[in-house]
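> just a sequence and a predicted model for now, questions to come.
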Amino acid sequence: MKKILFILLFIFGGAFIAFSQSFLTVGQVYNFNVGDVFETECGTSPSQGPPIYYLTIVLAKWYSSHSDTVYYKDSVVDYSPPGCPPPCTGTFSTGIDTSFYTNLNSRAVQDTVPNECPALWDSVYIDSSAGCWQKIWEEGPSKDCLDTLPITFDGWNTTYSWLIEGCGGPYTNVFFEGNDYGDFCTLIYSKKHDTICGSEVVITGIPPINPVMPDFKILPNPSTGIFNIALSHPELVSGSQTIVEVYNVFGEKVYSSSYQPLANSQQLKTIDLSNQPNGIYLYRVLNADGSPLGNGKVIIQK
């Protein structure tokens with residue numbers, strides 16, 4: 001059980017503040033907004049290969065006529081890191097998913113697999129780690145109750161589950177007693193409007209840069225492929241060339257153009273990617289000498 005407690009502390013470290021409500025509703029858990037970003041890490045440990053990462057951006061949201069069901073259209077990127085050293089490379093897959101959640105005022109469901117050991121304890125608390133102050137609903141067995149779900153290992157397994165208000169779930173950790181083995185699926189990054197928690201780790205093949213934080217805004221975002229980038233930054237040199245590049249999730253450059261800005265003045269540069277498919281794209285802005293000024297994401301939804 002010490003190992004289980006260590007994993008729990010590792011995933012949800014930080015100070016906790018008790019919350020009086022004993023559960024979260026479906027509407028509380030799956031209350032996403034257009035433009036929200038979530039990244040999940042799922043896999044096995046410690047020697048079962050690298051985990052898989054799932055990056056989701058919410059493209060659209062709508063309700064049923066009776067407002068008891070919410071629908072989401074998402075752009076999803078799956079990334080599997082390489083299982084061997086370079087020059088091995090990871091693999092990507094992309095797609096558009098549509099999901100829905102109904103009975104929004106009902107108690108959210110934690111269990112996703114058969115479980116012969118019921119959740120004998122649960123709690124709702126505020127997680128202050130990373131300064132996110134998200135409401136967490138955690139369920140798990142008591143120390144005297146192990147899930148007896150049949151497995152191929154010589155031991156018992158214990159399943160812990162979390163739902164996060166506005167960030168979905170359930171996120172889980174399954175530890176197999178008597179074996180150095182465990183399954184996990186946890187949220188490692190979220191962006192809801194301007195609130196960011198964690199760090200994105202999906203690799204796109206684009207050379208990493210550490211940009212200054214300029215006021216580069218995409219208008220509109222999401223778009224049908226034609227959008228404006230509003231540029232204003234003190235390092236832009238009047239009359240010199242500035243380069244805007246856009247890459248898809250495979251690291252392929254799909255757009256590159258240069259222009260001559262006016263220093264310290266906001267300008268709109270129109271970018272036309274209407275010939276590109278729906279999905280997530282990354283842009284970056286460079287000085288003429290190649291030094292980075294900043295980067296970000298754009299979403300195409302037709």
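That came in fine, so what should we check first? Numbers count the residues shown, from 1 in each chain.
> give me the pLDDT for W121.
Note on W121: pLDDT of 71.
> S258 bridge partners, please.
I243 (DSSP bridges).
> measure it to V246 for me?
According to CB to CB, to the nearest Å, S258 and V246 sit 13 Å apart. Placement of C-beta: from N, CA and C, glycine included.
> give me the more crowded residue out of those two.
Neighbour count, other CB atoms under 10 Å: between S258 and V246, V246 has more, with 19 against 12.
> can you list the domains in this structure?
The chain resolves into domains spanning 2-198, 217-300 when parsed by automatic domain parsing.
> pLDDT on the shortest one, on average?
What that stands for is domain 217-300. The model assigns domain 217-300 a mean pLDDT of 78.
> straight-line length of it, end to end?
15 Å (CA to CA, to the nearest Å).
> and what of stretch 257-271?
Distance between the two ends of stretch 257-271: 9 Å, counting by CA to CA.
> next one: stretch 159-174
OK, stretch 159-174 end separation, CA to CA: 4 Å.
> just stretch 188-199 next, same as before
For stretch 188-199, the first-to-last residue distance is 7 Å (CA to CA).
> ok, and what's touching it?
32-33, 35-41, 130-132, 134, 166-167, 187, 200-201 (CB atoms under 8 Å, 6 or more residues apart in numbering).
> buried among these? Need that as a selection in ChimeraX.
Remark: buried members of these, expressed as a ChimeraX selection using 16 or more other CB atoms under 10 Å:
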select :32,35,36,37,38,39,40,41,132,134,166,167,187,200
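> where helices are concerned, which of the contacts of stretch 188-199 count?
If you go by DSSP state H, these have nothing in helices.
> what about the contacts of stretch 188-199, which are in strands?
Among the contacts of stretch 188-199, DSSP state E puts V37, F38, E39, T40, E41, Q134, L187 in strands.
> tabulate the residues you listed (CSV), appending pLDDT and distance to V70.
Converted to CSV, the ones in strands among the contacts of stretch 188-199 look like this (pLDDT from 0 to 100; distance: CB to CB, whole Å):
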residue, pLDDT, distance to V70
V37, 88, 18
F38, 91, 16
E39, 91, 21
T40, 92, 20
E41, 91, 25
Q134, 85, 19
L187, 92, 19
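> widest-spaced pair of these?
Largest separation among these by CB to CB: E41 and Q134, giving 16.9 Å.
> run a quick neighbour tally on E165.
When neighbours are counted by other CB under 10 Å, E165 registers 22.
> looks like Y160 contacts G140 (just checking).
Yes: with contacts defined as CB atoms under 8 Å, Y160 counts as touching G140 at a distance of 4.1 Å.
> T56 reaches F38, doesn't it?
Yes: the pair T56 / F38 is scored as a contact, 4.8 Å apart, by CB under 8 Å.
> report the beta-bridge partners for T44.
Counting by DSSP bridges, T44 forms beta bridges with D183.
> show me what contacts it?
Counting by CB under 8 Å, 6+ apart, T44 touches P51, Y181, G182, D183, F184.
> now swap in F227 and tell me
Applying CB under 8 Å, 6+ apart, the residues near F227 are I218, L219, P220, N221, T270, I271, L273, V298.
> give the bridge partners for it, please.
Beta-bridge partners for F227, by DSSP bridges, are I271.
> from Y125, how far off is it?
Per CB to CB, F227 is found 40 Å from Y125.
> and if you look at G95?
Separation of G95 from Y125 (CB to CB) stands at 35 Å.
> of the two, give the one with the bigger neighbour count.
Ranked by neighbour count (other CB under 10 Å), G95 and Y125 place Y125 first, with 16 against 11.
> SS state for the more buried one?
Secondary structure, DSSP: H, G, I helix; E, B strand; the rest coil: Y125 is strand.
> quick one: pLDDT of it?
Looking at Y125, the pLDDT reads 88.
> so in terms of bridging, what pairs with it?
Going by DSSP bridges, Y125 forms beta bridges with A18, I136.
> if I look at it, how far off is D36?
Applying CB to CB, the value for Y125 to D36 is 22 Å.
> what about the helices in the stretch 151-300 of the chain?
Per DSSP state H, counting those that start in this stretch, the stretch 151-300 of the chain carries no helices over any range.
> which outside residues touch the helix or strand harbouring K61?
Assigned by DSSP states H and E, K61 belongs to strand 52-63. Strand 52-63 has contacts (CB under 8 Å, 6+ apart) with 32-43, 69-81, 96-97, 200-202, 222, 278, 280, 297, 299, 301.
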